[in-house]
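Trainee: Next come a sequence and a model predicted from it.
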Amino acid sequence: MTTPATPTSRAAALEFRGVTKRYGSGEESTGAVNDLSFTVPAGTICVLVGPSGCGKTTSLKMVNRLIEPTGGQILLDGSDVMSEDVTALRRRIGYVIQQVGLFPHLTIGRNVAVVPALMGWTRERQQARTDELLSLVGLEPGRYRNRYPSQLSGGERQRVGVARALAADPPLMLMDEPFAAVDPIVRQRLQDEFLRLQRALAKTILFVTHDVDEAIKMGDLIAVMEEGGRLAQFGPPEEILAHPASDFVARFVGQDRGLKRLSLSTIADLRTEPLGRREGLPTFSPDTTLRDALSILLVADTRGGVALDEAGQPRGLVTVDAIASALADDRPRRAARA
Amino acid sequence: MNGEPLVRWDWLWAHLGPIADRIGQHLYLTAIAVGVGFVISFALAAVSIRRRRLYPPVVVVATALYTIPSFALFAALVAITGLSILTAEIPLVLYTFILFVPNIVAGFDAVPWDVLDAADGMGFTAGQRWWRVELPLALPLVVASLRLATVSTIGLVTVSAILGDRFGGLGYYILDGYHRTFTTEILVGGLLSIGLAVLADLGFVLLQRVLTPWAAARAVSR
Amino acid sequence: MGGGPSRVPLMDLLTVTAQWLADPMNWQGPNGIPARLSEHVALSGASLLLASLVAIPLGLWIGHTGRFSWLVLSSANAWRALPSFAVIGLLVPFTTAIDPNLGFTLYPTLVAMIVLAGPPLLVNSYQGIAGVDRDLVEAARAMGMRERQILLGLEIPIALPVIATGIRSAAVQVVATATLGATFGFGGLGRYIVLGDANHDNGELFGGVVLVAALALATLALFLLVQRRLVSPGLSSRTAG
C-alpha cells in the first residue's frame, strides 16, 4: 500500500456510556451487552475481544444502529448517535465485515463508490476517489476497476472492502473480524498493511475479533469482554498482558501472555550491555520483536546476540537475561510499529 | 345461464354412476402416463448421469416438448394415431419428461460424495451401494418429481376431452357443459378435477414424509 | 374432436400443412394468420402484464420484509395444481353472468391465464429476494442505504436472474395454454386447430399446430435472450475465476 494522495485527518472520539442491550427477558442471553462504558480517543484503534457470544459484535452494531441499544448512550464526538438521522449517521461511518459484503452485480469501482454515489458526488469525483483508494489499498486501479468481485481472491476482496469503507472519508470505522476469512499468511500481510495505512489516516477504529493475538497486534486499546456482555478489562495491550484484572482475563489472554508481551517490544527498546567478543553471534535489526529475538537466542543456544542500530552498526549486546528483565519491568515502552 | 339455477342437483344425483366412471377414467389415464413417463425418464436420467454430455440436449428437447401446447399436440396426433388411447397418452407421457428427468438427476447429484466414499470404504458392491445408499438418498427428489408429474398430468388429462367423449376424464363434463351452456356439468367437471389434483398433491406430501423420514420436505424446482 | 380427421400418411400431412401455410388467402382478413397471431399475443401479453402488476410487487415485498412468506410457500403448490382447462370452464358461468358476450369468449381465458401466470411470478420474485445474502443487505444498510435503495439497487439486481426465470416460465406457459381458449370461444392461434378439426381440414389443423408450437418456442427463445442481456456480468458464472 502506498501513502494516500489526499491526506485525511478527520477522526472522531467514540464513547460508550452505560450501554446495555437485552434480548427478551434473559439477561445472560447470547449477544447481550451489560452496562458497557469506555472511551476511544480520536485516531486510535480500539479492539473489542472476547469469546463468542460475549456481545462484542452487538456492541459494534449499536454504533451504526444496525442494533438499537436498550439503554445507555453512544457518543460520537460528543453527540448521541440516536439523535441523528440513521442513514446520515451510517454514511459517515465506515463498515468492514468478515464476509466483506461486496455487491456481486457491481464492478469493483462501483462497489468502492457506493457511498459517494449515495451522497450524490459527481461521476468524476467518484472515479477519482475510487482510483485513489484502490491504489491506497494496493490494487492497481487500471487492472481492478472494471472487474467483478467474483473475479478476485479473498485477500483482494478484503482490500476492496477496506477501500469501500474509506470512500467517503469517514471519521470512524467499524471493523467486524475483517481479516478472519483469509488464510494466516494473507491475514498477517493485510494486518501489517492496514496498520501502515492507519498511521497515515489516523482514523478512529472500533475493531472486533475473537483472536487475542490479533487484538494485541492491532489495538492501541483493548476492551476484553466476557459472557453476559460485561467489560472485563479496558486498557492498552501491555497493561492487559502485564496485569490481567481477573482470572477470566488471565485465562483468556493465555499462559503465554509473557511471550505475547515480548512481541510488543523491539530490540530498539532494549537496554544493551557493552559488546565484547562478537564472532558467531546472531545479529538483530532494531525492529526485531523481543519475542523473535528470544526465540533466535534459544535456538542458537547462545547467551547473547548483537543489537544493530538504524544504520546497521552494532549497538551493544542483547542477552536472554536482558529480555527477561524487560518483562519484569512494569511499564515496557510501547513498540513503535515499523 | 338462461335463468337456470347454478347447480341442478337432480342432474347430479341422476349421474353419480357416470361421474364415478369419469373419475376412474381420469385416474386410469393419469396412472398410465405417469408410470410410462417415469420408466422412460428414469432411463434417460440414468444415461444422463453416466454420460454428462447427453444431459443438456435431453433437457433442451424435454423443455421444447413441454412448451408445445397440449391442445395442439392432442389434435395433431389424431391424424397420425387416429382416435386410440395412444393419441391421449403420447402427449401426456412426453410432458412428464421435463418434470422427471432434471429432478431425478438432481436427486442423485445431491448424494454427498463422502457418503459414497464411506460406502465404498466399507466394502459395498456397486449394486449394494446403489440400492442401499444412492437410491434412498435420492428418493426425496424422486418422490417430489412424481408429485409434480402426477398433479400436472391430472390437469392435462382434462384437455384430452377435445379428442371426443371416449377421453378426457372429468374434462368431458367441462367441455360438454360449455357446449350445452349447462353450468352444473361445468362445475362438476371443473371442481372434481381440481379436487383430484389437490388430493394427489396432499397424498404425495404424506408419501414423502413416510418414505423419507430423515429429510424434511424440500422445495423442488423444475 | 368426435368426427375428427382419421389417419393420414405423414408425407401427405406435411404437404397439406405447407400448402395451407403458403396460401396467401390464409394471411389476410379477420381469420388470417396475422390477425389470429396478434389476438394470441395480445391476450398473452395482457394477462402476463396484469399478473405481473400484482404478483411481482407482492413477491418483492414479501421477500424484502419476510412477512407472510409461509403463505407463499404453502399456497404456491396448491395454486400450481389448478388445471387451466378446468379453470377456464369454471369461469364461464360467472363471467357470462357479468357480460353475456365477452364473458362467453374472452374473459374466461384472460382470467385463467392471469391465474396461471401468478405462481411462477410470485414465487420467483419472493425466492429471488429472499435468497439475497442477508450479510449483503446488512452491509448496504450499514453504509446508509435506505430500504428503497436496498431493494432497487441491491436486492432486485441480484434477484433478477430468478425473477426473470419466473417471468419466462409464466410467459411460455401462458402462450402455450392460451391455445385452450379456442375451445371456449376465444380466438388466437388455437382457432385453426378447432376449425381444422371441425372442417376435416388437416392443412389448417396442422398449420395451427405448427404456428402455436413455433410461437411458444419463439417466446422461450426471446425471453432467454432478454434475460442474458439483463443480468449483470458479475452474477454470471462465465466471468468467474
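Mentor: Yep, it's here.

Trainee: quick one: A:P141 from A:M173, how far?
Mentor: 22 Å (C-beta to C-beta, to the nearest Å). For every residue, glycine as well, the C-beta is placed using N, CA and C.

Trainee: higher neighbour count, the two?
Mentor: Neighbour count, other C-beta atoms under 10 Å in any protein chain shown: between A:P141 and A:M173, A:M173 has more, with 22 against 17.

Trainee: ok, residues contacting the host helix or strand of that one?
Mentor: Here A:M173, judged by DSSP states H and E, is contained in strand A:172-176. Applying C-beta atoms under 8 Å, 6 or more residues apart in numbering or on different chains, the contact partners of strand A:172-176 are A:11-12, A:14, A:57, A:60-61, A:63-64, A:76, A:92-98, A:165-166, A:203-208, C:142.

Trainee: For chain B, just list every one of the helices.
Mentor: Counting by DSSP state H, one finds helices in chain B at the ranges B:9-14, B:16-50, B:55-67, B:70-81, B:85-109, B:113-121, B:126-129, B:135-159, B:171-179, B:183-211.

Trainee: now swap in chain C and tell me
Mentor: C:10-22, C:33-65, C:69-80, C:84-98, C:102-105, C:107-130, C:134-142, C:147-150, C:156-177, C:190-198, C:202-230.

Trainee: ranking the ones you listed by mean pLDDT, which is last?
Mentor: Out of the helices of chain C, helix C:69-80 stands lowest, with a mean of 77 (criterion: mean pLDDT).

Trainee: coming back round to it: and the strand holding A:M173, which strands flank it?
Mentor: Sheet partners assigned to strand A:172-176 using DSSP bridges are listed as strand A:93-97 (parallel), strand A:204-209 (parallel).

Trainee: List the contacts of the shortest one.
Mentor: What that stands for is strand A:93-97. Contacts of strand A:93-97 (C-beta under 8 Å, 6+ apart): A:63-64, A:76, A:161-162, A:164-168, A:170, A:172-178, A:203, C:135, C:138-139, C:142-143.

Trainee: Then stretch A:243-259?
Mentor: Contacts for stretch A:243-259 (C-beta under 8 Å, 6+ apart): A:49-51, A:212, A:224, A:226, A:232-233, A:240-241, A:260, A:291, A:294, A:327.

Trainee: Which of those residues sits closest to B:G35?
Mentor: Closest approach to B:G35 among these (C-beta to C-beta): A:P51, at 58.5 Å.

Trainee: Pick the most deeply packed of the strands paired with strand A:172-176.
Mentor: Most buried of those, by mean neighbour count (mean count of other C-beta atoms under 10 Å in any protein chain shown): strand A:93-97, with a mean of 26.

Trainee: starting at the chain centroid, how far to stretch B:131-139?
Mentor: Counting by C-alpha atoms, centre = their mean, to the nearest Å, stretch B:131-139 is centred 22 Å from the centre of its parent chain.

Trainee: hey, C-alpha coordinates of that stretch in CSV?
Mentor: The C-alpha trace of stretch B:131-139 is given here as CSV (Å, rounded to 0.1, in the frame of the first residue of the first chain):
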residue,chain,number,x,y,z
TRP,B,131,-29.8,-49.8,-3.7
ARG,B,132,-28.9,-49.1,-0.1
VAL,B,133,-27.2,-45.7,-0.3
GLU,B,134,-27.8,-43.8,-3.5
LEU,B,135,-31.4,-44.6,-4.2
PRO,B,136,-32.7,-43.9,-0.6
LEU,B,137,-30.8,-40.6,-0.5
ALA,B,138,-32.1,-39.6,-4.0
LEU,B,139,-35.6,-40.6,-3.0
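
Trainee: Now do the buried residues in that stretch.
Mentor: B:V133, B:E134, B:L137, B:A138, B:L139 (16 or more other C-beta atoms under 10 Å in any protein chain shown).

Trainee: okay, the residues you listed in TSV with pLDDT and distance to chain C next?
Mentor: Listed next are the buried residues of stretch B:131-139 as TSV, based on pLDDT from 0 to 100; distance: C-beta to the nearest C-beta, whole Å:
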residue	pLDDT	distance to chain C
B:V133	84	29
B:E134	88	27
B:L137	85	23
B:A138	88	21
B:L139	87	19
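
Trainee: correct me, but A:T209 touches A:I216?
Mentor: No. Counting by C-beta atoms under 8 Å, A:I216 is not a contact partner of A:T209; they are 10.1 Å apart.

Trainee: outside of stretch A:74-84, which residues touch it?
Mentor: A:12-17, A:19, A:42, A:62-65, A:68-69, A:73, A:89, A:93, A:171-172.

Trainee: do stretch C:152-163 as well
Mentor: Stretch C:152-163 is touched from outside by A:103-105, C:56, C:59-60, C:63-64, C:124-125, C:127-129, C:131-132, C:136-137, C:140, C:145, C:227, C:230-232, C:235, with contacts defined as C-beta under 8 Å, 6+ apart.

Trainee: filter these to the buried ones?
Mentor: A:103-105, C:56, C:59-60, C:63-64, C:124-125, C:127-129, C:132, C:136-137, C:140, C:145, C:227, C:231-232, C:235.

Trainee: hmm, stretch C:13-28 touching chain B?
Mentor: Yes. Shown here: stretch C:13-28 in contact with chain B (C-beta under 8 Å from any C-beta of the partner chain) through C:L13.

Trainee: tell me the contacts of residue 111?
Mentor: Picked chain A for this. A:N111 sits next to A:L102, A:F103, A:P149, A:V160, A:R164 when contact means C-beta under 8 Å, 6+ apart.

Trainee: wrong one, I was asking about chain C
Mentor: C:V111 neighbours (C-beta under 8 Å, 6+ apart): C:V87, C:L91, C:T95.
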